[in-house]
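In: prediction below, plus the sequence it came from.
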Amino acid sequence: MPPVALRPAPTGDSPGLDQAFRLRDLVPLSVSSVGPMFSVAATGGVMAAQAGWWTLPAIGLLAIPFIVSSFVFRLLNRHFPHSGASYHWSARIIGRSASRYQAWILVLAYFLSIPPIAIPAGSYTLALVAPHYHAPAAVQLAVTLFWIAFAAVPLLRGARPTARITQVFFAVEIVALAAFGIVGVLSWHRLAVPIHFGTPPIGGMLVVAVIAATILDGWEIDSYAAEESRKPRDHPGIGGIIGALGALAFYAILYPLMLGETPLHSIAGSVDPLAVWSNRLMPHAPWLMLVPILLSTAGGLWLTSFILSRALYAMGREQLVPAVFGRLNRNRVPHVAIVVTLGSALVIVALQLFVSSLSSFFDLVLSSAGFFLLAEFFLDSVTGAVFLTVGHRRLPDVTLNPHRHRLLLAGSLFSSAVMGALLVAFFIYGPRVIGSGIDLTLAVLLGLGAVFAWATRRRSTGSFVFSGREQQAPP
């Protein structure tokens, strides 16, 4: 395996990313990026239709390797803090060829996740302000444009505004969860429906497990914010662990209450099962649920864009993608990557709304986001396993005692096996649920990754290595 060319990245007071995040910023970023309220609203109906009450063990099945991954990310952040996160770790540990392919998977995973967040943001807004209005496509696009522009504002203004507005939205979501959890528990005697698991729908559970990748990811945002952390070798990874456990706690409260107090036929396939449940709890106040769902959706929109913009910034800095993506504005944020990411998402939304012949095609492509998110975490688990076995031996700047991390190595191998098996199972059961063209869509996109890796083999200028210098808080 050839050595990886290394070059130092800007740090400290030089014109790199602004090291502004403290741990109290990273934790809300990690939890809010998961978008728990939005995630349940967007996927709960599909999951209930596929697996019924078996949705709960299906989510639990995938939650285990995702929690393990959060601890692997913590270890890798301590050694390799970098705005490219998993893309950079792969380059350092496995090699540039694997890293270029993983860069493609990373871009697909997060970009394909943005339109399915942007469109509901518009839909929830219209449901809140004009519940009985059947909006034409132009109005839907205008409202979606508002939220995309809204997301761009904190991102373009810098790390501190992004952290502050995220904290506000995060607080609302926490309060809403607590309130609905309390009301749900107090209403159990009045609303409880029979619990019936039945025969396990193996195919449905496997599909739900892959879909669950879209509701269990996002906490890794603090890894992509490593170069913007005041303590880049200490804090990134901690926020991710808290975010992963926090998201699981959200679902441990919301899903049992929602399923236990709402007839399954009412939420199976529903576009917003949380609204169905809340209508049973408080029949005449739908806005009480719509407001936190909308804020959760909006937060997920700009935080998913944050992850992708930092990854593109790292790739642009190394010229794996056009170097313009590596430029920073006066607020020391990658403005080109942000604008291109959100602008491209808006174009796809417009095509979905106005070109009916392309709508089904984009629906099929965007439905593969869960697969590529799972593939991204699978590759990260493999990277962690390689690092803990042989990868550290060829890195002169890394000191590692593998015996101290035997449990983490076992977890990495377990996560790799589970996620890899689910990816294979998705090819088998995905066409039955999503559509017959999903396998071909995935095969084409995976094949294009090989083309991307081959085409960019001579473009990269080598890996930038962030020094990880800690910054002191201003007086």
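Out: Cool, got the structure.

In: could you use CA atoms for every contact and neighbour count after this?
Out: Noted.

In: how near is Val72 to Ser223?
Out: According to C-alpha to C-alpha, to the nearest Å, Val72 stands 11 Å off from Ser223.

In: looking at the two, which is more packed in?
Out: Ser223 (32 against 24; other C-alpha atoms under 10 Å).

In: wait, that one sits on Phe80?
Out: No. Taking contacts as C-alpha atoms under 8 Å, Ser223 lies outside contact range of Phe80: 9.7 Å.

In: which is the next helix or strand following the lengthiest helix in the chain?
Out: Longest among the helix segments of the chain by residue count, using DSSP state H, is helix 287-317. Downstream of helix 287-317, the next assigned helix or strand under DSSP states H and E is helix 335-354.

In: quick one: average pLDDT of that next one?
Out: Mean pLDDT, helix 335-354: 94.

In: C-terminal to it, what's the next element?
Out: Following helix 335-354 toward the C-terminus (DSSP H and E): helix 356-366.

In: the following helix or strand past that next one: which residues count as buried?
Out: Later in the chain than helix 356-366, the nearest helix or strand by DSSP H and E is helix 369-389. Residues of helix 369-389 classed as buried by neighbour count (16 or more other C-alpha atoms under 10 Å): 369-388.

In: again with stretch 353-371
Out: Those would be Leu353, Ser359, Phe362, Leu364, Leu366, Ser367, Ser368, Ala369, Gly370, Phe371, for stretch 353-371 by 16+ other C-alpha under 10 Å.

In: one more: stretch 276-296?
Out: 276-281, 286-296.

In: try stretch 448-463
Out: Those would be Gly449, Ala450, Phe452, Ala453, Ser460, Gly462, Ser463, for stretch 448-463 by 16+ other C-alpha under 10 Å.

In: now swap in stretch 316-327 and tell me
Out: Gly316, Arg317, Glu318, Gln319, Leu320, Val321, Val324, Phe325, Gly326, Arg327.

In: which residue packs closest to Leu26, ignoring adjacent ones?
Out: Gly239 (5.4 Å; C-alpha to C-alpha, 6 or more residues apart in numbering).

In: try Leu400
Out: His392 (6.9 Å).

In: what separates that neighbour from Leu248, distance-wise?
Out: Taking C-alpha to C-alpha, one finds His392 at 32 Å from Leu248.

In: neighbour-wise, which of those two wins?
Out: The neighbour count for His392 versus Leu248, taken as other C-alpha under 10 Å, is higher for Leu248 (23 against 19).

In: contacting residues around the more buried one?
Out: Counting by C-alpha atoms under 8 Å, 6 or more residues apart in numbering, Leu248 touches Ala63, Leu216.

In: what's the spacing between it and Leu364?
Out: 28 Å.

In: same question, Ile148
Out: Where Leu364 is concerned, Ile148 sits at a distance of 22 Å (C-alpha to C-alpha).

In: the chain: strands as residue ranges?
Out: For the chain, the strands defined by DSSP state E cover 6-8, 463-465.

In: and the most centrally placed residue in the chain, what pLDDT?
Out: The geometric centre of the chain, computed from its C-alpha atoms, lies nearest to Gly218 (C-alpha atoms, centre = their mean), at 3.3 Å. At Gly218, the pLDDT value in this model is 88.

In: and what of Val424?
Out: pLDDT recorded at Val424 is 92.

In: Asp397 too?
Out: Reading off the model, Asp397 has pLDDT 75.

In: could you pull up phi and psi at it?
Out: With angles defined as degrees, to the nearest 10, Asp397 sits at phi -90, psi 10.

In: that one: neighbour count?
Out: Neighbours of Asp397 using other C-alpha under 10 Å come to 9.

In: again, but for Asp217
Out: By the criterion of other C-alpha under 10 Å, Asp217 has 26 neighbours.

In: quick revisit: need the buried residues of stretch 316-327 in a markdown table (columns: distance to Pro154 and pLDDT).
Out: As requested, the buried residues of stretch 316-327 are arranged in a markdown table below (distance: C-alpha to C-alpha, whole Å; pLDDT from 0 to 100):
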| residue | distance to Pro154 | pLDDT |
| --- | --- | --- |
| Gly316 | 22 | 93 |
| Arg317 | 22 | 91 |
| Glu318 | 26 | 90 |
| Gln319 | 26 | 90 |
| Leu320 | 27 | 92 |
| Val321 | 24 | 93 |
| Val324 | 21 | 95 |
| Phe325 | 18 | 95 |
| Gly326 | 19 | 93 |
| Arg327 | 17 | 94 |
